[in-house]
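In: Below is the structure, and that's it, no one-letter string:
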């Protein structure tokens with residue numbers, strides 16, 4: 001939009017008058033800027049607060065001035081566009097007729113034609129004077145207009161404007177069998193989620209790529225607020241098969257909008273001087289019936305949301321001050337005409353100027369056409385494309401550099417409509433809907449998270465590699481086989497249990513300390529510590545299996561929520577470590593049991609009856625003259641990984657996955673070995 005006051009014509013791009021019809025295409029029912037803006041405000045009055053038509057009638061010389069509100073305008077002939085309440089509040093409003101009338105420059109007649117009150121003939125653009133033939137059925141006997149207005153508006157009226165705009169941004173459509181929305185199928189209207197007040201302030205969410213009325217961000221009810229409260233009869237989900245931390249970290253839309261069935265734009269091209277939105281891969285035009293899956297990004301609160309990533313190319317001129325000044329559409333258009341037809345084959349889902357030779361030719365054309373342009377002190381055109389800035393050196397050769405301007409800042413339009421029924425949501429068929437190699441969520445989110453979306457303050461392993469491959473790649477390979485974990489616990493348990501029992505059953509000459517599971521002949525303190533130790537072990541094993549298998553039914557029965565379960569698990573782990581350490585200290589200080597403690601096969605070895613001690617050679621790692629048993633090593637590893645996971649909020653995704661996997665695997669081996677030893681001890685005790 002042009003400034004109000006300008007020094008020379010080159011400073012003016014679109015005046016307010018030009019802006020009304022900019023981008024209009026009545027043949028394709030595409031509105032210009034003034035089509036969706038309902039009138040009043042800047043479409044009726046200038047920046048001094050005066051009506052355009054009246055002021056221009058009094059000062060006709062303004063049309064030849066450099067005033068951004070009046071230059072080359074025809075306000076006295078077109079009239080102004082007053083606020084049109086009927087756009088929203090009249091059922092059956094003829095929105096396409098409004099587009100046609102504005103394109104004909106019949107500004108003040110647009111309301112009459114679009115409401116159906118009258119038929120408008122003639123066109124100001126064709127140098128004609130429009131005439132009206134009124135439809136008498138809209139008038140009573142006194143000549144007053146009688147219209148059946150709605151308050152609040154229907155969804156059909158909302159979609160007149162938001163339909164095409166949101167189709168481009170996110171593949172949105174409404175009242176459609178193919179691209180359905182579960183709320184739409186149940187009869188909900190737009191205003192039931194986006195209510196307004198008498199000042200026409202409408203409740204809204206928080207759009208990533210919009211700065212319009214940010215003061216109203218997050219004023220509408222969220223998915224969770226509606227469904228947890230049962231608002232307007234909304235079903236209240238239990239999510240018993242979903243881990244609560246998923247509900248905290250993932251937006252509802254991630255699972256409940258698994259795909260969209262109308263093609264959105266993946267970028268825009270301005271190389272011809274006109275904006276051309278090009279569709280996502282696999283489609284020939286925006287709105288095609290193509291199934292596509294969203295991209296994912298974290299919002300300002302760290303919650304993952306589905307988005308449609310949108311790429312833009314931009315032409316600028318880097319002036320002497322080092323700033324990049326965007327070029328006007330007419331400046332780009334003039335250069336494109338000089339450049340001629342691009343050499344690269346035109347593709348419907350790609351920008352027009354993308355080949356290096358075409359970029360060079362376009363920049364050369366801009367260098368010629370911008371000479372003498374008084375907007376700039378120095379002519380140095382730049383092309384911003386796919387994270388790079390292309391420019392010509394003094395010899396006319398194409399060069400490139402990394403783009404650190406706002407153009408390369410990759411954002412995405414939120415996707416929050418076209419919600420699928422529950423049976424079609426991700427997770428309806430189990431964890432494999434997301435956690436396996438072939439799923440879109442796994443391929444896109446995990447890769448992006450590891451490469452770029454992690455918090456800058458997070459502890460990360462992204463820079464580490466092994467055998468020439470980033471460590472993250474190996475973690476991705478491991479995660480791709482996530483479904484195998486259901487066979488991991490029983491398989492490892494059976495294997496370890498069998499090996500331990502088999503070893504002790506066959507090795508009669510090197511038997512364990514003959515134990516009793518419940519402490520006997522021990523001091524009161526040690527007896528208490530051993531009891532606590534075993535109690536904590538069983539609790540940790542139970543809660544760990546609940547976490548591992550995502551068994552939310554058991555979790556809610558015993559702990560009521562995930563936060564309490566995690567807290568109890570950490571507390572039990574700390575108490576377990578203290579009890580193990582306490583027993584170890586008591587055994588170390590006891591001269592009678594000191595040798596037995598050193599030769600015993602681990603910290604969890606049951607008590608050693610003094611009268612029946614047969615020490616076996618210890619199995620473990622020798623360090624500084626001492627043997628550290630495998631059991632002790634596993635306890636130390638559990639303590640280390642468990643302690644790290646307490647601070648998981650400060651860890652990168654890949655290190656969290658690695659540490660949690662190590663913790664779970666060690667815990668399985670440890671519990672299996674401990675129970676096998678206990679079983680063997682009981683059977684040996686019975687044999688004696």
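Out: Ah, there it is. Since the model is a prediction, treat every value here as computed from it, not as a measurement.
In: So the nearest residue to residue 266 once chain neighbours are set aside versus residue 394, what's the distance?
Out: Closest residue in space to residue 266, ignoring its immediate chain neighbours: residue 280 at 4.4 Å, by C-beta to C-beta, 6 or more residues apart in numbering. C-beta here means a position set from N, CA and C on the backbone, and glycine is covered the same way. Separation of residue 280 from residue 394 (C-beta to C-beta, to the nearest Å) stands at 39 Å.
In: Please identify which of the two sits among more neighbours.
Out: Using other C-beta atoms under 10 Å as the criterion, residue 280 and residue 394 rank with residue 280 on top: 19 against 5.
In: separation between the more buried one and residue 260?
Out: For residue 280 relative to residue 260 (C-beta to C-beta), the value is 10 Å.
In: Give me the nearest residue to residue 181, chain neighbours excluded.
Out: residue 418 (4.9 Å).
In: Now for the one you found, which secondary structure element holds it?
Out: Per DSSP states H and E: residue 418 is located in neither a helix nor a strand.
In: Now do the phi/psi pair for it.
Out: Torsion angles at residue 418 (phi, psi; degrees, to the nearest 10) stand at phi 60, psi 50.
In: Could you do the one 4 residues further on as well?
Out: Main-chain torsions, residue 422, degrees, to the nearest 10: phi -60, psi -40.
In: what's around the residue nearest to it when sequence neighbours are not counted, how many residues?
Out: The spatial neighbour of residue 422 that comes closest, neighbours along the chain excluded (C-beta to C-beta, 6+ apart), is residue 428 at 6.7 Å. When neighbours are defined as other C-beta under 10 Å, residue 428 has 14 of them.
In: And residue 232, by the same measure?
Out: Counted with other C-beta under 10 Å, residue 232 comes out at 12.
In: Tell me, what's the model's pLDDT at it?
Out: We have a pLDDT of 87 for residue 232.
In: Same question for the one 4 residues further on.
Out: Residue 236 is assigned 90 on the pLDDT scale.
In: wait, is residue 555 part of a helix?
Out: Yes. Assessed with DSSP: H, G, I helix; E, B strand; the rest coil, residue 555 lies in a helix.
In: Next, work out how far apart it and residue 576 are.
Out: 20 Å.
In: next one: residue 110
Out: 76 Å.
In: ok, back up a step: what do residue 280 and residue 260 both touch?
Out: The contact sets of residue 280 and residue 260 overlap at residue 292 (C-beta atoms under 8 Å, 6 or more residues apart in numbering).
In: Wait, a helix at residue 354?
Out: No. Looking at residue 354 with three-state DSSP, it is coil, so not inside a helix.
In: hang on, isn't it packed against residue 344?
Out: Yes. Between residue 354 and residue 344 a contact is recorded at 6.2 Å, counting by C-beta atoms under 8 Å.
In: quick one: low-confidence ranges for the stretch 401-550 of the chain?
Out: 410, 437-438, 442-487, 489-490, 493-494, 497-523 (pLDDT under 70).
In: what about 80?
Out: The stretch 401-550 of the chain contains residues with pLDDT under 80 at 408-411, 430-432, 435-527, 550.
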